[in-house]
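Q: After the sequence you'll find the predicted model.
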Amino acid sequence: MNLPDSSQPLKRERKTRLSYDLFIFGLVALIVGLAGRYLASPAAASVRAFLDWAFSLTSDQAMWYLTRAAGMIAYLLLWFSTVWGLAIPSKLFGEVLSGDFTFDFHKFISLLSLGFLGLHVIVLTADRYLPYSVAQILVPFLSPYRPLWVGIGVIAFYLSILVTVTFYMRKQIGMKAFRYIHYTSLLAYLGAVAHSLLSGTDSSLPVILLLYISTFAVVVFLTVYWLVRAMVNRPTKTSQVKTLSAKPVRHS
């Protein structure tokens, strides 16, 4: 008599979630693409005139304001994703939230941060004051403006993409590799902090500087807490020997 495989419903649920995520991503990309194509068409001249009146989109500063806003939101989302990722293994949520919710929400935040990072990068190509080429955006350290710190931001962007993609590849790469790759999210966050502080035009403002310092302090605290907790809960060789010796011996 063959017993039903209990893992089949879980596999179907994961496939359904992946299909749903891909559908939402494709739908959003389609809507944005169609909206952009419409705004670029002659039929949308009145709409463009209204947007220019409301937001001054044709000014030299409009795209700069937009990329700064997108970059700030992307940083906060990346910070939140990092904090959430550190809180999960630290068991800070306890019994309040289910494991599936915390994981799915972590994935959602990561995807959302990538969306705003993409907007932050793409808008630079439309900036009239300091336009970027595709190579300057995609290749680290080619930026005409503070190439070192902008290049570190590009590397942090690539690391964020790598970490987010592994959400959908856990089965293929295994949980051990998934965890090791996920550790690089801390490097991505550190790169984002360095990029924001040393290449951001708003970092000299007291409020923005306080924001960076406070968010960074939270990540440092949670990282130390996670490491200390892992060291305390790590089984020693003595405890492993005691556990093995305490097990009953089976006689044939």
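A: Done, it's in.
Q: so where do the helices sit in the stretch 51-200 of the chain?
A: All helices of the stretch 51-200 of the chain, identified by DSSP state H, counting those that start in this stretch, fall at 62-87, 99-122, 134-138, 147-165, 170-199.
Q: between those helices, which gets nearest to F221?
A: helix 62-87 (9.2 Å; C-beta to C-beta). All C-beta spots, glycine's among them, are computed from the backbone N, C-alpha and C.
Q: Which secondary structure elements does that closest one sit against?
A: Judged by 3 or more C-beta pairs under 8 Å, 6 or more residues apart in numbering; DSSP states H and E, helix 62-87 is in contact with helix 99-122, helix 170-199, helix 206-233.
Q: out of the helices of the stretch 51-200 of the chain, which comes closest to I24?
A: Across those, I24 has its closest neighbour in helix 99-122 (9.0 Å, C-beta to C-beta).
Q: name the helices or strands packed onto the closest one?
A: Against helix 99-122 (3+ C-beta pairs under 8 Å, 6+ apart) you get helix 7-39, helix 62-87, helix 147-165.
Q: Go through the helices of the stretch 51-200 of the chain and find the least confident stretch.
A: Note on these: helix 99-122 shows the lowest mean pLDDT, a mean of 85.
Q: Go through it and flag the buried ones.
A: For helix 99-122, burial by neighbour count (16 or more other C-beta atoms under 10 Å) applies to 102, 106-107, 109-117, 119-121.
Q: Centre of the chain to that helix, how far?
A: With C-alpha atoms, centre = their mean, to the nearest Å as the basis, helix 99-122 stands 5 Å off its chain's centre.
Q: Give me the contacts around that helix.
A: 17, 21, 25, 28, 66-67, 70-71, 73-74, 77-78, 80-81, 84-85, 88, 93, 137, 157, 160-161, 163-164, 167 (C-beta atoms under 8 Å, 6 or more residues apart in numbering).
Q: Can you tell me which of these are buried?
A: So, by 16+ other C-beta under 10 Å, the buried ones in the contacts of helix 99-122 are 21, 66-67, 70-71, 73-74, 77-78, 80-81, 84-85, 88, 137, 157, 160, 163-164, 167.
Q: before we move on, back to that, which one, of the helices and strands packed on helix 62-87, ends up nearest to F141?
A: Checking those against F141 by C-beta to C-beta gives helix 170-199 as the closest, at 11.9 Å.
Q: Cool, thanks, signing off.
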